[in-house]
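Chemist: Here is the input, now give the coordinates:
(2 chains)
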Amino acid sequence: MLKPFASLMSGAAMAGALAAAAQAQSQPASPPPAAAPATDQVSVADQIGPISKFKHPGPQGDLSGKWKPQFRPPPVKSAVGTSGAARTIDDEPIPLKADASNLYWHRIDMEQRGSPVANTAATCRPGVPTSIFSGFLSPFEIIQTPSQVVFAPELGDTIWAIRLDRDHPKTPRPTYRGDWVGHFEGSTLVADGRGFNRLTWLDAIGLPHSEQLHMLVRIAKVNEGTGLRVVITIDDPLMFSKPWTQAFTAEYRPDMTMYEIHCLENVRKENNENLVYEDVKPVPGVNN
Amino acid sequence: MRRSFNLTRARIARRTSIAAVCLIAAAMAGEAGAAARSAPPKSQLTGLWKPMGHITRLLTAEGAEPPFLPEAKAVYARNKAAFAAGDVSFYGAHPCLNLGQPRMNFIPYPVEIIESRDTVLMAYEWNGYRRIDMTGKAPTVDYPMLNGASAGKFEGADLVITTVGLLGTTFLDAAGMPHSEDMTITERLHLADGGKVLEDRMTFTDPKTFARPWTAIVRWQRLPPGTERRESVCVDRVSAGQPALDMNH
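Modeler: Numbers count the residues shown, from 1 in each chain, chains lettered A, B, ... in the order given. Below you'll find the model as predicted:
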């Protein structure tokens, strides 16, 4: 745990560093088939840390409370050999189309050369909301009401609201967070996200997406309420040749205090001077 | 640097004390958890609200200047003069940084109140959110934060919130009213006008700044059902040459 803290405290794009560390993603040992519903149980081997000593007291469909994402070290057989890269649930390569692959590797290359491309974490903008599941240093709280399920992350100023009481608008205004609607299938929350702008990345090192990004997230308690299992299916016909799936776990931690982490408290010129900005400019009210 | 130090200190403290916290929480979890798992509150606070009027200077409920101690009075006079001249350099922070409590509650942008069993969330369209712990625990912090720590309870239909642990770098109003990190804010959120108006009576207790506790009143009007909080990204507005905080919003 000390190493991530050291990079966090060095100040550099603090959010960027944290997000980068956080983005090393978990990989279950016995994955269900891609796009399959989250199973109700997850084996002990699926978790990096000990199973939480806290058991969620609510009924199965009640997800409310504080949860801490679990971290798994990046595997040797990582798709791109870099911590922070998105991983598929079955450890197969992400089905990137050629242009998307070129952009991804360009961004990775730029970082290796010491002139990283600015992502939204480095510039204090919101990221895709599912990034909270790889933020293993920071808990998030789920606030569940009849009309929406809200994720309030410790890291960042932006909550993620999944509306249970409506469908997507016909033409959602593209935003960083996207438009999210959801419903329960049994005790599993199924959340559907559309209407994203193209300013965010799908991982910490540059996995691109377009405004056609469509995310389907299935969230359920597992292991008798001590854990949360999250299965995310990502589709973007401009970037990927087929939908692909990733998975995360989190542990129930009602004991954790939610602190505030504000990216804008830690903006320092010296940390951002090597950043390279891509051509896509945010235009309030148009693409965000 | 100071804030980073605070963050470091708090983070380390948090991680190293986690075992102790776990034990205490484990002991409490069974009983408190079971008792707290009742139906969601039947409160009428849920929904989208917008502050009424443009408050740039907080006054007491009677419309008077707060009972400042001499030093705080001088600081406020200096800040007020700068603010009136259009100079807000005394804020000393990024213009999009969360303004902290209580100021987030009366900037001219909607706030959404989201209520669940253990937490009331106030999600500010302008930027950020504030969480109010409803589990019955007293608010505590390891180090001061912009929004501090808030704990709430219902007294009848009123939500009474106590907030402590507020960073001394923020101001109570746009004109630069100072406060210390010892300040406690006690709020009473009360529905008025048949539920169309939400009144927040904020009482400030801060012996380092004020001669005695005093109360200000802020009012919100309920926005029509179906109105949703929009994603609003301050840093993008600023990049596009728009004001961070548009008082005519």
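
Chemist: count of neighbours near the closest residue to residue B:98 other than its chain neighbours?
Modeler: What sits nearest to residue B:98 in space, not counting adjacent residues and going by C-beta to C-beta, 6 or more residues apart in numbering or on different chains, is residue B:128, at 4.3 Å. Where C-beta positions appear, they are placed from N, C-alpha and C, glycine not excepted. Counted with other C-beta atoms under 10 Å in any protein chain shown, residues neighbouring residue B:128 total 24.

Chemist: got it, and the one 3 residues further on?
Modeler: Residue neighbour count, defined by other C-beta under 10 Å, stands at 23 for residue B:131.

Chemist: The nearest residue to residue A:128 once chain neighbours are set aside: what secondary structure?
Modeler: Spatial nearest neighbour of residue A:128, chain neighbours left out: residue A:200 (4.9 Å); criterion: C-beta to C-beta, 6+ apart. Secondary structure, DSSP: H, G, I helix; E, B strand; the rest coil: residue A:200 is coil.

Chemist: What are the neighbouring residues in contact with the residue nearest to residue B:98?
Modeler: Residues near residue B:128 by C-beta atoms under 8 Å, 6 or more residues apart in numbering or on different chains: A:157-158, A:262, B:98, B:104, B:147.

Chemist: for residue B:238, same thing?
Modeler: B:95-96, B:244.

Chemist: Identify, from the contacts of residue B:128, the entry nearest to residue A:100.
Modeler: Nearest to residue A:100, judged by C-beta to C-beta, of these is residue A:158 at 25.5 Å.

Chemist: Where does pLDDT dip in chain B?
Modeler: B:1-42, B:249 (pLDDT under 70).

Chemist: ok, now with 90
Modeler: Along chain B, segments meeting pLDDT under 90 span B:1-44, B:53-54, B:117, B:127, B:225-226, B:232, B:245-249.

Chemist: separation between the residue lying closest to residue A:114 once chain neighbours are set aside and residue A:111?
Modeler: Among residues not flanking residue A:114 along the chain, residue A:274 sits closest, at 6.2 Å (C-beta to C-beta, 6+ apart). Distance check for residue A:274 against residue A:111: by C-beta to C-beta, to the nearest Å, it reads 10 Å.

Chemist: Among the two, which residue is more densely surrounded?
Modeler: residue A:111 (20 against 15).

Chemist: surely that one meets residue A:204?
Modeler: No - the pair residue A:111 / residue A:204 is not scored as a contact, 9.8 Å apart, by C-beta atoms under 8 Å.

Chemist: Now do the same for residue B:194: helix, strand or coil?
Modeler: helix.

Chemist: which ones are touching it?
Modeler: Counted by C-beta under 8 Å, 6+ apart, residue B:194 has zero contacts.

Chemist: Can you pull up the most central residue in chain A?
Modeler: Chain A has residue A:131 as the residue nearest its centroid, 1.7 Å off, counting by C-alpha atoms, centre = their mean.

Chemist: Is it in a helix, a strand, or coil?
Modeler: Applying three-state DSSP: residue A:131 is helix.

Chemist: Against chain B, how distant is it?
Modeler: Using C-beta to the nearest C-beta, to the nearest Å, one gets 15 Å for the distance from residue A:131 to chain B.

Chemist: for residue A:153, same thing?
Modeler: For residue A:153 relative to chain B (C-beta to the nearest C-beta), the value is 10 Å.

Chemist: Could you report the neighbour count for that residue?
Modeler: Residue A:153 has 23 nearby residues by other C-beta under 10 Å.

Chemist: quick one: buried residues of the helix or strand containing residue B:79?
Modeler: Per DSSP states H and E, residue B:79 falls inside helix B:70-84. Neighbour counts over helix B:70-84 (16 or more other C-beta atoms under 10 Å in any protein chain shown) mark B:72-73, B:75-76, B:79-80, B:82-83 as buried.

Chemist: Next secondary structure after that helix?
Modeler: According to DSSP H and E, the helix or strand after helix B:70-84 is strand B:111-115.

Chemist: So which residues on the stretch 101-250 of chain A come close to chain B?
Modeler: A:123-126, A:141, A:143-146, A:148, A:150, A:152, A:157-159, A:161, A:163, A:175-177 (C-beta under 8 Å from any C-beta of the partner chain).

Chemist: change it to 7 Å
Modeler: A:123-126, A:141, A:143-145, A:150, A:152, A:157, A:159, A:175-177 (C-beta under 7 Å from any C-beta of the partner chain).

Chemist: Where is pLDDT lowest across those residues?
Modeler: Of all those, residue A:157 carries the smallest pLDDT score, 78.

Chemist: residue boundaries of the helices in chain A?
Modeler: Assigned by DSSP state H, chain A shows helices spanning A:2-9, A:14-22, A:98-112, A:269-272.

Chemist: Ranked by average pLDDT, which of those helices falls at the bottom?
Modeler: Looking at those, the bottom one is helix A:2-9 with a mean of 31.

Chemist: First residue to last residue on stretch A:180-197, what's the distance there?
Modeler: 13 Å (C-alpha to C-alpha, to the nearest Å).

Chemist: what does that stretch contact?
Modeler: With contacts defined as C-beta atoms under 7 Å, 6 or more residues apart in numbering or on different chains, stretch A:180-197 is touched by A:37-38, A:60-61, A:63, A:128, A:149, A:160-164, A:166-168, A:172-176, A:178-179, A:209, A:211, A:213-220, A:287-288.

Chemist: Just the buried ones from these?
Modeler: A:38, A:63, A:128, A:149, A:160-164, A:174-176, A:178-179, A:209, A:211, A:213-220, A:287-288.

Chemist: Where does residue B:177 sit: helix, strand or coil?
Modeler: Applying three-state DSSP: residue B:177 is coil.

Chemist: Hmm, it is touching residue B:170, no?
Modeler: No - Residue B:177 lies out of contact with residue B:170 (C-beta atoms under 7 Å); the separation is 9.9 Å.

Chemist: more crowded one of these two?
Modeler: A count of neighbours by other C-beta under 10 Å puts residue B:170 above the other of residue B:177 and residue B:170, at 25 against 22.

Chemist: How about that one, nearest residue that isn't a chain neighbour?
Modeler: residue B:100 (3.7 Å).

Chemist: Spatially central, which residue of chain B would that be?
Modeler: Centre-most residue of chain B, counting by C-alpha atoms, centre = their mean: residue B:101, 2.8 Å.

Chemist: Which residues are in contact with that residue?
Modeler: B:130, B:147-148, B:163, B:166, B:185.

Chemist: Isn't residue A:69 up against residue A:134?
Modeler: Yes - Residue A:69 is in contact with residue A:134 according to C-beta under 7 Å; the separation is 6.3 Å.

Chemist: ok, residues contacting stretch A:62-71?
Modeler: Contacts of stretch A:62-71 (C-beta under 7 Å, 6+ apart): A:24, A:26, A:47-49, A:56, A:58, A:133-136, A:139-144, A:149, A:189, A:219, A:221, A:228, A:248-254, A:256, A:258, B:116-118.

Chemist: so how far is stretch B:181-190 from its chain's centroid?
Modeler: 9 Å (C-alpha atoms, centre = their mean, to the nearest Å).

Chemist: What residues sit buried inside that stretch?
Modeler: Applying 16+ other C-beta under 10 Å to stretch B:181-190 flags B:181, B:183-185, B:187-190 as buried.
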